[in-house]
Structures are given as C-alpha cells and as structure tokens.
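**Student:** I would like the atomic coordinates for the input below:
(chains A and B)
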Amino acid sequence: MRPATIGRDPASSGRQDPVRCPLFAQLMASLESLGRPHVIDLGPAGHALLERLAPMHARLQIVDLPYALAQWQPDPEDVHPQRWFVDWLMPPGPRPADAILAWDLPNYLPLEITAALMHALAARCRKGALVHLLATYAHPDMPAAPGRYSPVGEDALRNESGTAPRITAPRYTSTALDEAFVDLRPERAVLLKNGMQEMTFRVA
Amino acid sequence: MFEFGKGKRPAEEQDMQQRDSTTAMRSESPAPAGAAATARPHSTGQPAVIGPSIRIEGDLQGEEDLVIEGEVHGTVNLRGNALTIGSKGQVKADVYAHSIRVEGHMEGDLYAAERAVITKTANVRGNITAPRVNLEDGARFRGSIEMDPESLQPVFGASKAANVSGAGSATSGASASSPAAPLPGANTPASRAAGTDNIAGKDKKAAN
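**Tutor:** Next up is the predicted model:
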C-alpha cells in the first residue's frame, strides 16, 4: 500500500545540489577498469549517465521502472504483484551485467517486490557484479515519486526532479534489505549528506 | 530511389517473394499512384519524406536521406544515409542507417554506423547499437544502448567499424587507468558476443 501524501517538499523548488556519493565513484572506477561494461539502470533514460558510460564503450540497459510504477494498478487480490515488475524487465542481454543501478526505487516498492526484482536481476548478472542502491534513511518523509538522478562529475549524483509532494518514507535499514536480497551480499553502506543511504551489494 | 521489399539475402529470397507480393503502401487519403514515398535524387540535397498519411508494410531500402512522418512496419535499410523518424512518425521495424534521429514513436532495434539521437519527444522501445548516442532528457526509452564499436562490425562490416572505433572515446572525460581494483570475474572484450537482443521480438507486453 502506498503511503499517504503528507505535504510538500519545501526544499525542492527546483534542481537540487549534487550529493557526493563515494560508492558511486568507486563503482564507476571499477567499471572503467573493466572496459566495455554492461550496466542495467532501473531508472529512466538520462543523458548524463550515457555520457558518463560512453567512453567505456559500455552497454547500458535502461529499464525505466518509474514508468512501470506509474502504470501499475495494484490489485488487492493479486497474490503475485511482483510479476508486473519482473515481467517489465527486458530479456537478458547477450552478456551478463556487471552492475545494476537502483537509485531511489526501493523506497517506492514493497520490499517483497524489490526482493523479487533483485532476484530476477541477479540472474542477469555475472557473479561478483555490483548493485548500487540509494534509499531514503535519515528523513521520515520523501518525495511522492522516485527521483531522476544524474551523475555530476566523477563522484556525485544530483536529483533532477522538481517540486513534489512528500510521503512517508519506509526507511529501510541495510540489514532489512540484506535479509530480503537472498542473491546478494552486502558490501558497504554510507549515509549521504542528503539523508539518503548509499549501499552496494555484490551478486553472490 | 527507394525500393520496397527488395534486396533480401539469398536465403530469404524465396520467403520474401511471397511477402513482396503483400508489401503494401496504403495512403489514408487519395493520392496519385507512386506518390506515397517522395524519393528525390541525391543532387537535390533534400531528404525524401514519407508523409503522415502514409503507411508502409515491408522492407524499405534507399540511398538517400529519409524522413518518416508516417507509419512503417518492417525493415528500414539506409546504411549510407541519414534517417529521421519525425514527431508524427510511427515505426515498428529494425532500422539500419548511417545516422538515425528519432523524434516520434519507434519500436524495434536501431543500428547507426555513426550516431543515434533520441530527442525528448521520442518514445522508443528497442535496442540501439551506435558508437555515439545522444539521449535527450525527457525521452521515453526502454531498451539497451550498445556503445561498443565492435558490435557494429557484423552489421556494417569491418571497414565501417574501423571508422567508428574509438569514436566513443572521443567524448571521454574519464580515465581508463583507474586505480580502483577491477571487479572479480570480469569478462574480456574478446569474450563478449556482439549481438543484441531484440526486445520488440521477444517481449510481447505492450509497454509504452
């Protein structure tokens, strides 16, 4: 069940300042050392990420899960609501993925659906692939819709979304996510200046 | 000049003979025969235009630039030229061109030898293989973007791939000699297959 709207974000009248994300910087450096990496981005299409990955001759798979979320009409009698999202994923590519970017999205899905998605995505990855995840943690509320994050420079991300109503945040702990993601093992977690938690998991 | 339903590989010829007979260009408004696709010679410098009222089913080939504002289902093959899918265009096809610009609705795989541009008005579901890809913020896109020039070799041949190799690094702002440790189990370029998965063909769910 989606949380109720509780107000407007007083600080989100426009584009937000970039937030330094040390684990993102590490991930990008690792992908650069790989050469021709395969990255799955659960977010919407954006120019900045593409530009960041182009010098690596990468393969970028864009899932646009926020659009799937917007299209989703939960049925209380549906005992497998995760199917809608798992079916939304594209068929596996010609080579396994090296990284998954899950920025903000776990906040907007029931944990069992996020877990089912991660299970399906892990099957599309090679062993040792990294999952980079952003989740609201410090603040009790969050924007009503997932943000659109773009890389800025080498080590920062910026939420490009504008004004949005606020809703209650689930505030998942890294332990709760770790228990839900059966195919992943936690690696690092960092609390960012904007109150979000930056986490990396590795495909076991 | 443009050709419709011709130029198939030998293995496909027999099959295509039957399909050629069903290849259709249907105009929703009365138009003189042959006026459906306005193909112009190279010398004019103007691209040919498939207008908004035109619907084409079949394989489309040509050797001049083309703008699609109508509906095309099948295959579009303009390997040496530029293709624009205009804001009114609706294409459900695999597309091969020197450069591709999408402003409208596109479902299928795109192969561009030089560059693919997806504008903010575009709605694309499929895979893009091109050494340079420009994806404007606001574009609706679901699929894969392959920026490895080697992936174009099977499509455009070695000479074309040689022309574009390193093209992606021309925009490089990042160092490849990072001090970070590589990810374990990393696959090498030589081990990677150069194909793409056809979303439009495999994923039957109406997405966008």
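**Student:** Pull up the gap between A:Pro106 and A:Phe24, please.
**Tutor:** 16 Å (CB to CB, to the nearest Å). In short, each C-beta sits where N, CA and C put it, glycine included.
**Student:** what do you get for A:Val39?
**Tutor:** Relative to A:Phe24, A:Val39 is positioned 12 Å away (CB to CB).
**Student:** swap in A:Ile100?
**Tutor:** As it turns out, when the distance is counted by CB to CB, A:Ile100 lies 13 Å from A:Phe24.
**Student:** Give me the common contacts of these two.
**Tutor:** In terms of CB atoms under 8 Å, 6 or more residues apart in numbering or on different chains, A:Ile100 and A:Phe24 are both contacted by the residues A:His132.
**Student:** Quick check: closest non-adjacent residue to the most centrally placed residue in chain A.
**Tutor:** In chain A, the C-alpha nearest the mean C-alpha coordinate belongs to A:Ala102, at 1.6 Å (CA atoms, centre = their mean). Nearest residue to A:Ala102 in three dimensions, chain neighbours excluded: A:Leu133, at 4.5 Å (CB to CB, 6 or more residues apart in numbering or on different chains).
**Student:** Please give the element, helix or strand, for residue 115.
**Tutor:** By default, I'm working from chain A. Assigning secondary structure by DSSP states H and E places A:Ala115 in helix A:111-122.
**Student:** if you could check chain B rather than the one you did, that'd help
**Tutor:** Applying DSSP H and E as the criterion places B:Arg115 in strand B:110-118.
**Student:** ok, the helix or strand following that strand: who's next to it in the sheet?
**Tutor:** Using DSSP H and E, the helix or strand that follows strand B:110-118 in sequence is strand B:123-125. For strand B:123-125, the paired strands and their directions (DSSP bridges) read strand B:105-107 (parallel), strand B:140-146 (parallel).
**Student:** buried residues in the strand ranked longest in chain A?
**Tutor:** In chain A, taking DSSP state E as the definition, the longest strand is strand A:125-136. Along strand A:125-136, these residues count as buried under the neighbour rule (16 or more other CB atoms under 10 Å in any protein chain shown): A:Cys125, A:Arg126, A:Ala129, A:Leu130, A:Val131, A:His132, A:Leu133, A:Leu134, A:Ala135, A:Thr136.
**Student:** nearest to chain B, of those?
**Tutor:** Top of the list for closeness to chain B, among the buried residues of strand A:125-136 and by CB to the nearest CB, is A:Arg126 at 5.3 Å.
**Student:** isn't that closest one right up against A:Pro96?
**Tutor:** Yes: here A:Arg126 lies in contact with A:Pro96, judged by CB atoms under 8 Å, at a distance of 4.0 Å.
**Student:** Centre of chain A to the edge, which residue is at the far end?
**Tutor:** Distance-from-mean max, chain A, by CA atoms, centre = their mean: A:Glu77 at 27.6 Å.
**Student:** In which helix or strand does that one reside?
**Tutor:** Per DSSP H and E, A:Glu77 falls between elements, in no helix or strand.
**Student:** For it, give me its contacts.
**Tutor:** Contacts for A:Glu77 (CB under 8 Å, 6+ apart) come out as none.
**Student:** Next one: it from B:Ala93, what distance?
**Tutor:** When CB to CB is applied, the distance between A:Glu77 and B:Ala93 equals 39 Å.
**Student:** Per-residue pLDDT of the residue farthest from the centre of chain A, please?
**Tutor:** According to the model's per-residue confidence, A:Glu77 sits at a pLDDT of 87.
**Student:** before we move on, back to that, could you tell me which strands sit next to the strand holding B:Arg115 in the sheet, and their orientation?
**Tutor:** Here strand B:110-118 is paired, per DSSP bridges, with strand B:90-102 (parallel), strand B:128-129 (parallel), strand B:133-135 (parallel).
**Student:** Pick the most deeply packed of these.
**Tutor:** strand B:128-129 (a mean of 26; mean count of other CB atoms under 10 Å in any protein chain shown).
**Student:** Quick check: mean pLDDT of that one?
**Tutor:** Strand B:128-129 shows a mean pLDDT of 96.
**Student:** all strands for chain B, in order.
**Tutor:** Secondary structure of chain B by DSSP E: the strands cover B:3-4, B:24-27, B:37-38, B:48-50, B:54-61, B:66-68, B:71-85, B:90-102, B:105-107, B:110-118, B:123-125, B:128-129, B:133-135, B:140-146.
**Student:** now do the same end-to-end measure for stretch A:177-189.
**Tutor:** The stretch stretch A:177-189 measures 11 Å between its terminal residues, going by CA to CA, to the nearest Å.
**Student:** where does that stretch sit relative to the chain's centre, distance-wise?
**Tutor:** Centre-to-centre, stretch A:177-189 and its host chain are 14 Å apart (CA atoms, centre = their mean, to the nearest Å).
**Student:** quick one: buried residues of that stretch?
**Tutor:** Within stretch A:177-189, the residues that qualify as buried by neighbour count (16+ other CB under 10 Å) are A:Leu177, A:Asp178, A:Ala180, A:Phe181, A:Asp183, A:Leu184, A:Pro186, A:Ala189.
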